[in-house]
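*Asks:* sequence and predicted structure, then a few things I'm wondering about:
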Amino acid sequence: MYNNDNSIKEILIVGGGTAGWMTAAALSNALHRGCNITLVESEEIGTVGVGEATIPPIRTFNQTLGINENEFLKHTQGTFKLGIQFINWGKSEHTYFHPFGAYGKQFDMVNLHQYWLAGRETDQVSAFDDYCMAWAAAKLGKFSPPLADPRNVLSTFEYAYHFDAGQYAQYLRRYAQAKGVKRIEGKVAQVNLNPRTGFVKDVILENAQVLPADLFIDCSGFRGLLIEDALKTGYQDWSHWLPCDRAWAVPCELKELTPFTKSTAHAAGWQWRIPLQHRTGNGHVFCSEFMSEDQACSVLMNNLDGDALAEPRLLKFKTGRRKQFWNKNVVAIGLSSGFLEPLESTSIHLIQAGIAKLLALFPDKSFAQDTIDEYNRIAINEIENIRDFIILHYCLTEREDSELWRYCKNMSIPEPLAYKIKHFKQYGRLIPREMDLFGNASWLAVHIGQGNIPDKLDPLMKYRNVQATDWLNKLKLAMQSAASQMPNHKSYIEKYCKSF
Ligand code: FAD
């Protein structure tokens with residue numbers, strides 16, 4: 001019975017941006033030349049050309065492919081990222097840090113932030129940021145990888161990268177081609193469906209070349225050539241919760257190699273600052289209902305910390321997700337599957353998550369509907385949890401100085417998010433959900449950073465006699481001292497991963 005070979009023999013990946021080449025690299029690595037993988041892309045159409053900040057799980061993706069970290073950073077002009085600094089989000093002139101890693105070290109079943117809240121009442125503690133190792137290092141411009149020893153404060157942080165996404169795609173292209181992936185340069189002109197099953201049968205290029213396959217991966221970007229144009233899967237629009245719909249992007253001269261991303265809120269959106277080895281990436285994400293494109297461009301150009309190195313580029317998008325991520329024999333990965341604005345650098349992660357799910361639920365030619373449903377169930381949970389985390393940054397604002405912020409402060413929000421906010425406000429409780437990408441520390445950073453201070457302490461605190469403020473402040477000093485001895489981010493890069 002097991003000898004009946006119904007396995008997928010031909011995979012066609014449509015699109016060669018970050019999504020296309022990450023998918024090609026991972027599938028060629030996992031499938032061991034057992035099936036033919038072809039990728040078609042069009043240089044004339046090009047890629048979206050942004051996407052430079054990541055979150056820590058990207059390291060697992062690279063490790064699974066056997067990629068050496070320093071080599072990869074050399075080839076992608078990469079730098080290290082310890083978190084994101086948010087400026088002017090909760091209120092104007094206010095900053096906080098979303099760290100990668102924990103706040104201090106857990107020492108009791110009652111969470112550390114409860115002790116911090118108790119200390120705050122009597123002014124015995126400083127800003128919450130001061131109790132995490134990632135910020136202790138980031139604010140001094142320091143970086144070295146975390147230690148493994150759990151007793152050491154240097155084990156309490158994580159890191160990700162900033163890199164040139166175009167160079168990352170090229171790097172993965174070389175990797176995938178070395179593992180047998182065939183690349184075809186050409187423009188897809190037509191997608192043919194099997195009239196009986198509605199499955200995609202083949203795609204036809206402008207030069208009339210026909211590319212049939214068993215499984216198609218749609219990495220064609222926002223348009224979704226297969227998942228939408230051909231299969232009419234439908235899109236769930238989230239712009240009422242995430243109203244930003246445009247971004248201007250421009251690189252500028254590198255002035256400061258911070259080991260973190262900066263996100264600065266403006267009147268109708270926010271600006272990113274992402275330092276790479278050879279330049280700083282900048283962009284202004286904004287809502288076109290509340291600011292004109294020209295005005296938004298001026299806001300960006302007037303807030304660069306170095307001379308611009310190119311003309312600014314405008315990108316348009318609609319936040320939301322495809323109604324199904326996997327439909328018949330097409331799996332949408334990357335921008336073709338949906339888009340959450342880049343506030344928490346989650347798009348590349350969603351590509352990685354899509355690939356991981358596809359491998360965990362890899363189909364045969366029968367394309368069992370249960371497999372497809374399970375993929376979609378997980379994918380929807382994942383993206384909705386991330387969506388809610390991003391909305392949290394907007395809806396917790398206290399700003400009322402412009403239309404965008406007044407709208408966000410008063411908008412209705414998804415019920416599961418309202419539930420989480422209510423629990424945190426009552427007793428400072430964090431309510432995790434299945435498939436939550438962002439853990440307690442991330443939610444804590446935004447709740448506290450944006451002023452959602454609990455009304456009461458966790459009732460368990462009444463059973464604690466521990467006077468923890470001394471301990472917290474010792475922890476802070478230990479982190480400061482450890483950070484001061486770490487190498488500078490710039491020197492670390494120059495020593496280990498300087499680009500050619
Ligand atoms: P694309 O890069 O658009 O690639 C599409 C591919 O399809 C191209 O190769 C194109 O040639 C091909 N194609 C299209 N049509 C055809 C056709 N007819 N025939 C043949 N080929 C075709 N993500 C992060 O993780 N971190 C960030 O900091 C971040 N910042 C972002 C900022 C902005 C403003 C935006 C819009 C996105 C950002 N992203 C970020 C998302 C990130 O850029 C994308 O997730 C990532 O680049 C993947 O894009 P993609 O490969 O799906 O699409």
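*Replies:* It's in. Numbering: from 1, shown residues only.

*Asks:* is any residue of the helix or strand that residue 161 is a member of near the ligand?
*Replies:* According to DSSP states H and E, residue 161 maps onto strand 160-162. No. Shown here: strand 160-162 not in contact with the ligand (Cβ under 6 Å from any ligand atom), separated by at least 8.2 Å. Glycine gets a C-beta too; all of them are placed from N, C-alpha and C.

*Asks:* contacting residues for whichever residue of the stretch 301-450 of the chain sits closest to the ligand?
*Replies:* Here the stretch 301-450 of the chain gets closest to the ligand at one residue, residue 334, 2.4 Å apart by Cβ to the nearest ligand atom. Residue 334 makes contact with 15, 17-20, 219, 221, 347, 350-351, 354 under the criterion Cβ atoms under 8 Å, 6 or more residues apart in numbering.

*Asks:* okay, and which of the residues you listed map to helices?
*Replies:* For those, the ones inside helices are 18-20, 347, 350-351, 354, with DSSP state H as the criterion.

*Asks:* filter those residues down to the buried ones.
*Replies:* Buried by 16 or more other Cβ atoms under 10 Å: 18-20, 347, 350-351, 354, out of the ones in helices among the contacts of residue 334.

*Asks:* from those residues, which are also near the ligand?
*Replies:* Counting by Cβ under 6 Å from any ligand atom, the members of those near the ligand are 18-20, 347.

*Asks:* in a markdown table, list those residues along with distance to residue 488 and pLDDT.
*Replies:* As requested, those are exported to a markdown table (distance: Cβ to Cβ, whole Å; pLDDT from 0 to 100):
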| residue | distance to residue 488 | pLDDT |
| --- | --- | --- |
| 18 | 29 | 97 |
| 19 | 34 | 98 |
| 20 | 36 | 98 |
| 347 | 30 | 97 |
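
*Asks:* ok, so of these, who is nearest residue 104?
*Replies:* Closest approach between those and residue 104, by Cβ to Cβ: residue 347, at 30.5 Å.

*Asks:* can I assume the closest one is in contact with residue 51?
*Replies:* Yes. Between residue 347 and residue 51 there is a contact under Cβ atoms under 8 Å: 6.0 Å.

*Asks:* quickly note the distance from the residue of the stretch 301-450 of the chain closest to the ligand to residue 62.
*Replies:* 17 Å (Cβ to Cβ, to the nearest Å).

*Asks:* could you do residue 113 as well?
*Replies:* Distance from residue 113 to residue 62, by Cβ to Cβ: 32 Å.

*Asks:* between the two, who's got more neighbours?
*Replies:* Ranked by neighbour count (other Cβ atoms under 10 Å), residue 113 and residue 62 place residue 113 first, with 24 against 19.

*Asks:* which strands or helices does the strand holding residue 161 pack on?
*Replies:* With contacts taken as 3 or more Cβ pairs under 8 Å, 6 or more residues apart in numbering; DSSP states H and E, strand 160-162 sits against helix 58-64, strand 79-81.

*Asks:* residue 250 in helix, strand or coil?
*Replies:* strand (DSSP: H, G, I helix; E, B strand; the rest coil).

*Asks:* what about it, neighbour count?
*Replies:* The burial count for residue 250: 20, using other Cβ under 10 Å.

*Asks:* surely it and residue 302 touch.
*Replies:* No. If you go by Cβ under 8 Å, residue 250 and residue 302 don't touch, sitting 11.7 Å apart.

*Asks:* so how far is the first residue of stretch 320-328 from its last?
*Replies:* Using Cα to Cα, to the nearest Å, the end-to-end distance of stretch 320-328 comes to 21 Å.

*Asks:* anything in that stretch near the ligand?
*Replies:* No. Using Cβ under 6 Å from any ligand atom, stretch 320-328 stays clear of the ligand, coming no nearer than 12.1 Å.

*Asks:* any idea which residue sits dead centre in this structure?
*Replies:* Nearest to the geometric centre of the chain sits residue 346, at 1.5 Å (Cα atoms, centre = their mean).

*Asks:* need the residues of the stretch 251-400 of the chain near the ligand, please.
*Replies:* 283, 315, 317, 334-336, 342, 345, 347-348.

*Asks:* if you set the cut-off to 5 Å instead, what comes out?
*Replies:* 315, 334-335, 342, 345, 347-348 (Cβ under 5 Å from any ligand atom).

*Asks:* closest to residue 41 out of these?
*Replies:* residue 334 (12.3 Å).

*Asks:* and for residue 107, the neighbour number?
*Replies:* Other residues close to residue 107 by other Cβ under 10 Å number 13.

*Asks:* swap that for residue 369, please
*Replies:* 9.

*Asks:* about what we covered before: what about the residue of the stretch 301-450 of the chain closest to the ligand, distance to residue 316?
*Replies:* Residue 334 is 17 Å from residue 316, by Cβ to Cβ.

*Asks:* domain map for this protein?
*Replies:* Per automatic domain parsing, the domain ranges recorded for the chain read 10-52+164-236+319-367, 79-162+386-490, 246-316.

*Asks:* for the protein, give me the ranges with low pLDDT.
*Replies:* 466, 500 (pLDDT under 70).

*Asks:* distance of the closest residue to residue 223 other than its chain neighbours from the ligand?
*Replies:* The spatial neighbour of residue 223 that comes closest, neighbours along the chain excluded (Cβ to Cβ, 6 or more residues apart in numbering), is residue 229 at 6.7 Å. Look at residue 229 and the ligand: by Cβ to the nearest ligand atom, to the nearest Å, they are 9 Å apart.

*Asks:* how about the secondary structure of residue 391?
*Replies:* Classified using three-state DSSP, residue 391 is helix.

*Asks:* let me redo that: residue 166
*Replies:* Per three-state DSSP, residue 166 ends up helix.

*Asks:* so it touches residue 49, yeah?
*Replies:* Yes. Taking Cβ under 8 Å as the definition, residue 166 is a contact partner of residue 49 at 6.3 Å.

*Asks:* of the two, which one has the most company?
*Replies:* Comparing residue 166 with residue 49 by other Cβ under 10 Å, the one with more neighbours is residue 166, at 19 against 15.

*Asks:* any idea how far the more buried one lies from residue 201?
*Replies:* 32 Å.
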